[in-house]
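In: give me the fold of what follows.
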Amino acid sequence: SYVQEFVAKLDQTPDRAIDDVEWHFIGRLQRNKVRHLPASVAVVQSVDRVSLVEEIARRRPGQRVMIQVNLGDEPQKGGCSVADTAGLVATARDLCLVVDGLMGVAEAASDDVVTKQFGVLGTLADDLELVERSIGMTADLELAVGAGSTMVRVGSALFGPRPAR
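Out: Got it, this is the predicted structure:
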């Protein structure tokens with residue numbers, strides 16, 4: 001699971017580095033794994049459904065989160081739909097989670113399509129008065145920054161590709 005992988009990598013990190021960084025959990029999070037998240041996780045970026053919001057609120061009141069939006073409505077990817085985003089943000093806030101922003105995953109498509117999808121996330125964030133926009137990964141970080149991303153996910157540039165599952 002992503003949580004176990006995160007914990008294993010955290011265990012390999014020098015102690016000083018653990019204190020000097022703000023750790024974000026990114027990846028599909030199962031409800032039954034919330035209890036295993038290390039206390040050092042400042043932000044959970046991949047919150048995409050009501051049941052997960054409820055579990056995080058129950059186990060980690062006040063947790064900072066980002067709502068993950070599936071910008072291309074691709075069934076194989078996590079994230080709530082664009083249409084469901086406002087409702088999920090409201091539920092998280094109602095349950096006393098701190099919603100820092102939105103995290104978006106665009107489809108693997110042309111630059112024009114990706115730029116448009118990043119723009120949709122920016123508009124949603126503005127409408128919901130959310131400051132943070134976690135859009136873009138190693139392959140499309142320039143498009144993301146151009147679209148107003150406040151953070152990009154460049155793990156594969158730093159650590160290489162994830163091992164096959």
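In: which helix of this protein spans the most residues?
Out: For the chain, the helix reaching the highest residue count under DSSP state H is reported as helix 111-127.
In: chain center to it, what's the gap?
Out: 16 Å (Cα atoms, centre = their mean, to the nearest Å).
In: can I get it in CSV, CA atoms only?
Out: Extracted in CSV, the C-alpha atoms of helix 111-127 (Å, rounded to 0.1, in the frame of the first residue of the first chain):
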residue,chain,number,x,y,z
ASP,A,111,-0.6,20.1,-23.9
ASP,A,112,-3.8,22.0,-24.8
VAL,A,113,-6.0,19.5,-23.1
VAL,A,114,-3.8,19.3,-20.0
THR,A,115,-3.6,23.2,-19.8
LYS,A,116,-7.4,23.4,-20.0
GLN,A,117,-7.9,20.8,-17.3
PHE,A,118,-5.4,22.6,-15.1
GLY,A,119,-7.4,25.8,-15.7
VAL,A,120,-10.6,24.1,-14.6
LEU,A,121,-8.9,23.2,-11.3
GLY,A,122,-7.7,26.8,-10.9
THR,A,123,-11.2,28.1,-11.4
LEU,A,124,-12.6,25.6,-8.9
ALA,A,125,-10.0,26.6,-6.3
ASP,A,126,-10.9,30.3,-6.8
ASP,A,127,-14.6,29.6,-6.5
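In: and the following helix or strand past it, what does it pack against?
Out: Note on helix 111-127: by DSSP states H and E, the next helix or strand toward the C-terminus is strand 132-137. Applying 3 or more Cβ pairs under 8 Å, 6 or more residues apart in numbering; DSSP states H and E, one finds that strand 132-137 contacts strand 98-105, helix 111-127, helix 141-146, strand 151-153. From N, CA and C alone the C-beta is placed, and that goes for glycine too.
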